[in-house]
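**Q** Have a look; sequence and predicted model below, questions after that.
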Amino acid sequence: MASTFSRLLAGRRTAFLIATVSSGALTTGYLLNQQNVKAGSFNRQKLFPPSADYPDLRKHNNCMAECLTPAIYAKLRDKMTPNGYTLDQCIQTGVDNPGHPFIKTVGMVAGDEESYEVFAEIFDPVIKVRHNGYDPKLQKHHTDLDCSKITQGQFDDRYVLSSRIRTGRSIRGLSLPPACSRSERRAVENVVVTALAGLKGNLAGKYYSLTTMSDKEQQQLIDARKCQHNNDKTFLIWINEEDHIRVISMEKGGNMKRVFEKFCCGLQEVEKLIKERGWEFMWNERLGYILTCPSNLGTGLRAGVHVRIPKLSKDPRFSKILENLRLQKRGTGGVDTAAVADVYDISNLDRMGRSEVELVQLVIDGVNYMIDCEKKLERGQDIKIPPPLPQFGKK
C-alpha cells in the first residue's frame, strides 16, 4: 500500500478527496446527451507502412499481445479518436511491459471514451479475454446499486478483519488520465471538488490537494495506517489517479452490508451532485461504466475482505474452492504480496456480466462458505468443493 501511495504522490497531479468540504467556482459542463457515444475517427497518414511499425510481441504475455494481429494493426494504426488518441498510444503500455509472471495483464488502456469505439476491433477481443468470455458485441451490462437486495452481509468478526468496496468513474467529455492535458486534469478536479462540496452528514469530510498539502499531510497519506479520513473513516475518493475518480467505502470488521450501503449512497449522491452541475459519468449498455483500463469496465467494482483462514488456506482444495466461487486471493498488501499470519484479501474475480449487487452478494456468499469450511476444519470435519457458479449473472 505504501508503495502505491508513494508512486501516486510522486507522479502526476493527483488529488485526494475524503468526502469533501472544499468548494470552488462552478464549472460549465460538457454533456453528451446520447447514451451510446458513436465516435468519429480521423486518419493520419504515416511515412512507413504498418508492417514497419508493428511491435515485436513474441515474448509478451498480456491480453493485447494475444489479440493484436498484423491485419488489425494495419487497419487501425492510422486512425485517431476526435481527441487525437491513436492505437499506438493505446497499446504502448503493453509493448513496454511484456507481462506479469503470475497474472495475465491487459496490456492496453483507453485515452478517451471514444477509444473503445474507434479501436473496437482490438478492444472488444481484449475485453472478451480479460472478462472471461463477456462479448461486448453481443451482451449488455446491467447496473444495480440497490443495496436493500443484499442478504447475510454480516460476517463472523472472529475471521473477517475488514471489509472494503471500491470502483471508479469517468467524467464524460474529458480525456481519460493517459491522455489528459494539464487543463483537463484541472477541470476534473474542479468539477469533482465543486460538486462534492454538497455532500452532507457522514459523507462530508476534508479535501486534500497535493499542490497545497504540507509534507506532514503527504506522509500521512503515504502511511496508510495514519491516513486521514472523513469523520467515521469509511468513505474516501481519489481524483486524477488511474481514473478520474476512485470511490472507496471501507471499515474494520465484517459488516459488508453496511459498507455496501455507504458505497451505494455515496456513489449515487456523487453522481447526482455532478449531474446538477451539467456533467455526467461515462456509461453505455455495452460496456457499463467506462474506465481507463479495460479490466475495470462494467462495474469497476472490487469487493474484498481481509479474512483469517489458517486451515483452509493450507488445504489442497483451497484454489479450486476459490475458482468455483468466482473469487480471487491476494496478500493483504495487494497483488504480489504474501499472506501475513494466514490473512488473505479475498475479492470478486469478475467486473462485467454481473451487476454491483450480484458481485457483492457473490463475495458475501463465497466468504461465508469459506468461513464455514474453516470452522469445519477446526472441528476435524471434512469439507466439499462447491459446484462452479455460472459464468454470468442474471439478465
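**A** Done, it's in. Numbering: from 1, shown residues only.
**Q** neighbouring contacts of stretch 171-178?
**A** By CB atoms under 8 Å, 6 or more residues apart in numbering, the surrounding residues in contact with stretch 171-178 are 12, 29-32, 37, 83, 85, 89, 93, 109-113, 115, 170, 180-181, 184-185, 187-188, 191-192, 240-245, 274, 279-282, 291-292. Using the backbone N, CA and C atoms, a C-beta is placed for each residue, glycine as well.
**Q** Now do the contacts for Lys75.
**A** By CB under 8 Å, 6+ apart, the contact list for Lys75 reads Glu121.
**Q** Mind checking which of the contacts of stretch 171-178 are buried?
**A** Applying 16 or more other CB atoms under 10 Å to these, the neighbour count classes 29, 37, 83, 85, 89, 93, 109-113, 115, 170, 180, 184-185, 187-188, 191-192, 240-245, 274, 279-282, 291-292 as buried.
**Q** Can you pick out the ones from the contacts of stretch 171-178 that are in strands?
**A** Ile245 (DSSP state E).
**Q** Which pLDDT value belongs to the closest residue to Thr93 other than its chain neighbours?
**A** In this structure, Thr93 finds its nearest non-sequential neighbour in Val109, 5.8 Å apart by CB to CB, 6 or more residues apart in numbering. You'll see Val109 listed with a pLDDT of 98.
**Q** can you start the count at 9 instead of 1 from here on
**A** Shifting the count to begin at 9 puts that one at Val117.
**Q** Quickly note the distance from Val117 to Asp104.
**A** Note on Val117: its distance to Asp104, by CB to CB, to the nearest Å, is 12 Å.
**Q** swap in Thr220?
**A** For Thr220, the distance to Asp104 equals 33 Å [CB to CB].
**Q** any low-confidence regions in the stretch 59-208 of the chain?
**A** Regions of the stretch 59-208 of the chain meeting the criterion pLDDT under 70 are absent.
**Q** What segments of it are strands?
**A** Using DSSP state E, counting those that start in this stretch, the strands of the stretch 59-208 of the chain run over residues 87-88, 168-177.
**Q** Just name the most buried of these.
**A** strand 168-177 (a mean of 22; mean count of other CB atoms under 10 Å).
**Q** what are the pairing partners of it, and which direction each?
**A** Here strand 168-177 is paired, per DSSP bridges, with strand 253-260 (antiparallel), strand 310-316 (antiparallel).
**Q** neighbouring contacts of the last one?
**A** It refers to strand 310-316. With contacts defined as CB under 8 Å, 6+ apart, strand 310-316 is touched by 163, 167-175, 262, 264, 268, 340, 349-356, 359, 367-368, 371, 375, 378-379.
**Q** Let's test this: mean pLDDT of it, rounded?
**A** For strand 310-316, mean pLDDT is 97.
**Q** Let's see it as PDB, backbone CA atoms only.
**A** Provided in PDB are the C-alpha atoms of strand 310-316 (Å, rounded to 0.1, in the frame of the first residue of the first chain):
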ATOM      1  CA  ARG A 310     -13.900  -4.900  -6.300                       C
ATOM      2  CA  ALA A 311     -15.500  -6.000  -3.100                       C
ATOM      3  CA  GLY A 312     -12.900  -7.600  -0.700                       C
ATOM      4  CA  VAL A 313     -12.400  -8.700   2.800                       C
ATOM      5  CA  HIS A 314      -9.300  -9.500   4.900                       C
ATOM      6  CA  VAL A 315     -10.100 -12.900   6.300                       C
ATOM      7  CA  ARG A 316      -8.000 -15.200   8.500                       C
END
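**Q** what about Gln389, how many neighbours?
**A** Gln389 has 9 neighbours, counted by other CB atoms under 10 Å.
**Q** in what helix or strand does it lie?
**A** Gln389 belongs to no helix or strand when assigned by DSSP states H and E.
**Q** Centre of the chain to stretch 277-286, how far?
**A** From the chain centre to the centre of stretch 277-286 is a distance of 21 Å (CA atoms, centre = their mean, to the nearest Å).
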